[in-house]
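Q: need coordinates for the following:
(chains A and B)
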2 protein chains.
Amino acid sequence: MPIPMIKKLAVIGVGLIGGSLARALREGGHVGEVVGFGRSLGNLETAADLGVIDRAEVSVAATVRDADMIVVAVPVGCMESIFSQLATSMMDGAVVTDVGSVKRGVVAMARTALGVRCSAFVPGHPIAGTEHTGVSASKADLFEHHRIILTPEDDTDVAAVARVRAMWQAAGGDVVSMSVAEHDDILAVCSHLPHVLAYMLVDLLIRRDDHKTTFDLAAGGFRDFTRIASSDPTMWHDICLGNRDALVKVLKDYQQNLDDLLSAIDRGDGQWLMDTFTRAKRARDTYIVKHQN
Amino acid sequence: MPIPMIKKLAVIGVGLIGGSLARALREGGHVGEVVGFGRSLGNLETAADLGVIDRAEVSVAATVRDADMIVVAVPVGCMESIFSQLATSMMDGAVVTDVGSVKRGVVAMARTALGVRCSAFVPGHPIAGTEHTGVSASKADLFEHHRIILTPEDDTDVAAVARVRAMWQAAGGDVVSMSVAEHDDILAVCSHLPHVLAYMLVDLLIRRDDHKTTFDLAAGGFRDFTRIASSDPTMWHDICLGNRDALVKVLKDYQQNLDDLLSAIDRGDGQWLMDTFTRAKRARDTYIVKHQN
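A: Predicted coordinates for the structure are as follows:
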C-alpha cells in the first residue's frame, strides 16, 4: 500500500467544511489517520459514527500530537485561541492551514499567536459550502470543481504551501493563489455582500404587518435569493466584523447603485432600466454558461 | 366525452406562462380548442409544433373569435393595445383574464380600453415562472401547488371570476383573492424588490475592474442569489414602471435597513449582527419548512 500524502490529519472543527475535507481525503486514500476536535461533543460523536474521523480528542494539544497536517475549520471568531494552543503543541514540520472566509484578520491573528511557527501557516479559503452546517451535512465531493484560494505571505514556507495545495487538489479542488487584500476585496462583493443583502431582505419582510401573507406568496425567486439567509449567523457575524472595511466599501457602492435605480424609476427612465437589466442579464447568463457544473 | 370547461381558449402571448397554462388545460382535457397569437411567428410555430396550441392566428380579432376564455399573457407594457383590440372583437359572454405581475396599471388600462366590457375582465397573476422565457420553456405542471392571485374589482362579474378561478384550479393552481393594492404592495417586497436587487448586484460586479476574477470566484450562493437577474429585462422594465410607487417605497425601506446594517458593522456591534441574522435565519427556515414542494 502506498504511503498516504498525510500521515495524521488533525481537524480542528469537524463541521461541514472540515468534515467534507476529511471525507474526501479518506475516500481517496490520501490520509492515514484523522483525529478531530471541536466544541460540540455530540457533533464529534456523529463524526466518528459516520467514519469521518477515526477518533475525537478532548484537547487541541492531544489532537495535533504527531499530526503532519492541521486544518483549522472553526468560525473565524474562535481561531485566535486555537492558534495560541497550536503554538505550544504542534510538532516541528507540521503544516497548519485554515478555511476562514476572511483572510486579513486570520493572518494577523496567526502571526501574533503562532509567533515563530507562523511560516508553517498557509491561509486558505475553499469557495464551497451550503447553508447547512455540521458534520452530518458534510460530503466527500463538496470541493470538486470548486475554487480553493490560498493567500500565502512573503514569509510563508514554500514547502508548506505546496503541501496544502496538494491536499486540496487531492480533495478535488481547483487551487488558486492571490494576496490577502485581493481575496478580501473580491469575496466582499461576490460573497459577503449577497449574504448580508439576503439577511436584510428577510429582515425587511419580518418587520411588515403583512409578513405572513408575504412569505406565503413568495415564489421560487425569493426562495433562491434568500437561501443564503439560512446560513449560520455566527459565521456571518464573524465575517462582517472580520472584513469590515471591504464590506462597508461595497455596501456603500451598492447603495449608490440603488440610488441610481431609484432615481431612474422615479423619473420613469425606461431606457436606463432596459439597458441596465439587459447588461446584467447578459453578464449573468455568460457567467452561468462558464460555470455549468 | 364530457364537454370541456372551456370550448375555445384564446392565448394572446404564447410564452412561458401562456404556453404552460394551455399545456395544463389540454393535458387535463379542460379545453376544446386552443388558438394562439403573438409577436414572434417563430415562437408561434414552435408552440404549434409542440402541440401547445392547435393553431396560430395573425390578428387578435381572429384569435378571439368565438373564444369563451381569453388569456392575455403578454408583457404588461403591451397590454393596453391588446385590450383595445379585444373591446371590438371579443364575443358576448367571453371572459378575459391576464397574468401581469402588477395589477394597478393593468386594471386601469383594462377599464379604459375595454369600456363596457370591463366587467368581463378578471385581473390575475400566477405566482410561478422561471428565469427562462418563451414557449419552449413552458410545462404543464408549472402552476401545480403555486398561488394564483385574482384581484377582482367591485364591478367585476361574479360568474367571470368563478370561471377564471375554475380554470386555474384545473391547471393545478391554488387560487387566492385580494385587492389590487394589497397585491401590488406585497409583490413589491417579495418579488419586485429581490429582482431589482439581483440586477443591481450583477451590475455592481460588472463595473469593477476585477470583474473577471470576481465572477470566476463567485460560488453557489451568488449563483442562486442572482438567478433572477437572468430574467427577461422587458418584463422587469415594465414591472418597475408599472408598480413604481410601491417599489420606490420598499426600496427606500430596504436602503434604511442597509443603513442600519452599515452602522452596526461600522461600530462593531456584534450583538446587533447576531440578533438580526439569527432572526432572519429563523424566519427563512420556517418559511422553507412550510413550502417544501
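
Q: do the longest helix anywhere in chain A and chain B meet?
A: Longest helix in chain A by number of residues (criterion: DSSP state H): helix A:244-266. Yes. Using CB under 8 Å from any CB of the partner chain, helix A:244-266 comes into contact with chain B via A:244, A:247-248, A:250-255, A:257-259, A:261-262, A:265-266. C-beta coordinates here come from the backbone N, C-alpha and C atoms, glycine included.

Q: one more: stretch A:189-209?
A: Yes. Contact of stretch A:189-209 with chain B (CB under 8 Å from any CB) involves A:189-191, A:193-206, A:208.

Q: near the residue of the stretch 1-150 of chain A found nearest chain B, how many other residues are there?
A: Of all residues in the stretch 1-150 of chain A, residue A:127 sits closest to chain B, at 4.7 Å by CB to the nearest CB. Look at residue A:127: counted by other CB atoms under 10 Å in any protein chain shown, it has 23 neighbours.

Q: in this structure it contacts residue A:142, no?
A: No. Residue A:127 lies out of contact with residue A:142 (CB atoms under 8 Å); the separation is 10.8 Å.

Q: okay, and the common contacts of those two?
A: Common contacts of residue A:127 and residue A:142 (CB atoms under 8 Å, 6 or more residues apart in numbering or on different chains): none found.

Q: one step back: wait, what's in contact with the residue of the stretch 1-150 of chain A closest to chain B?
A: Contact analysis of residue A:127 by CB under 8 Å, 6+ apart lists A:146-149, A:191, B:217, B:219.

Q: grab the nearest non-local neighbour of the residue nearest in space to the middle of chain A.
A: Most central in chain A under CA atoms, centre = their mean is residue A:101, positioned 4.2 Å from the mean C-alpha point. Sequence neighbours aside, residue A:239 is the residue nearest to residue A:101 in space, at 5.1 Å (criterion: CB to CB, 6 or more residues apart in numbering or on different chains).

Q: pLDDT wise, what is the one you found at?
A: Looking at residue A:239, its pLDDT is 91.

Q: for it, which three-state class applies?
A: Three-state call for residue A:239 (DSSP: H, G, I helix; E, B strand; the rest coil): helix.

Q: with residue A:34 instead?
A: Classification of residue A:34 by three-state DSSP places it in strand.

Q: separation between it and residue A:56?
A: Distance, residue A:34 to residue A:56, by CB to CB, to the nearest Å: 10 Å.

Q: compare these two (neighbour count), which wins?
A: The neighbour count for residue A:34 versus residue A:56, taken as other CB under 10 Å, is higher for residue A:34 (28 against 19).

Q: which residues touch the more buried one?
A: A:8-9, A:11, A:22, A:25-26, A:52-54.

Q: let's see that with 6 Å instead.
A: Residues near residue A:34 by CB atoms under 6 Å, 6 or more residues apart in numbering or on different chains: A:9, A:22, A:53-54.

Q: now tabulate these in TSV and tack on secondary structure, distance to chain B and neighbour count.
A: Shown next, in TSV, are the contacts of residue A:34 (DSSP: H, G, I helix; E, B strand; the rest coil; distance: CB to the nearest CB, whole Å; neighbours: other CB atoms under 10 Å in any protein chain shown):
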residue	secondary structure	distance to chain B	neighbour count
A:9	strand	24	27
A:22	helix	21	29
A:53	coil	26	29
A:54	coil	30	17
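
Q: which of the residues in stretch A:107-116 are classified as buried?
A: A:107, A:109-110, A:113-114 (16 or more other CB atoms under 10 Å in any protein chain shown).

Q: let me know the closest of those residues to residue B:16.
A: Among the buried residues of stretch A:107-116, residue A:107 lies closest to residue B:16 (CB to CB), at 48.4 Å.

Q: quick one: pLDDT of that closest one?
A: For residue A:107, the pLDDT comes out at 96.

Q: without its sequence neighbours, what residue ends up closest to residue A:37?
A: Spatial nearest neighbour of residue A:37, chain neighbours left out: residue A:63 (4.0 Å); criterion: CB to CB, 6+ apart.

Q: any idea which element the one you found lies in?
A: Per DSSP states H and E: residue A:63 is located in helix A:60-64.

Q: which parts of the stretch 51-200 of chain A are strands?
A: Assigned by DSSP state E, counting those that start in this stretch, the stretch 51-200 of chain A shows strands spanning A:55-56, A:69-72, A:95-98, A:121-122, A:124-126, A:147-150, A:174-177.

Q: show me what the last one is in contact with.
A: For strand A:174-177, the external contacting residues (CB under 6 Å, 6+ apart) are A:147-150, A:165, A:168-169.

Q: show me what the one helix or strand in chain A whose mean pLDDT sits lowest is packed up against.
A: When each helix and strand of chain A is scored by mean pLDDT, DSSP states H and E, helix A:220-225 comes last, with a mean of 79. Identification of packing neighbours for helix A:220-225 by 3 or more CB pairs under 6 Å, 6 or more residues apart in numbering or on different chains; DSSP states H and E yields helix B:193-206.
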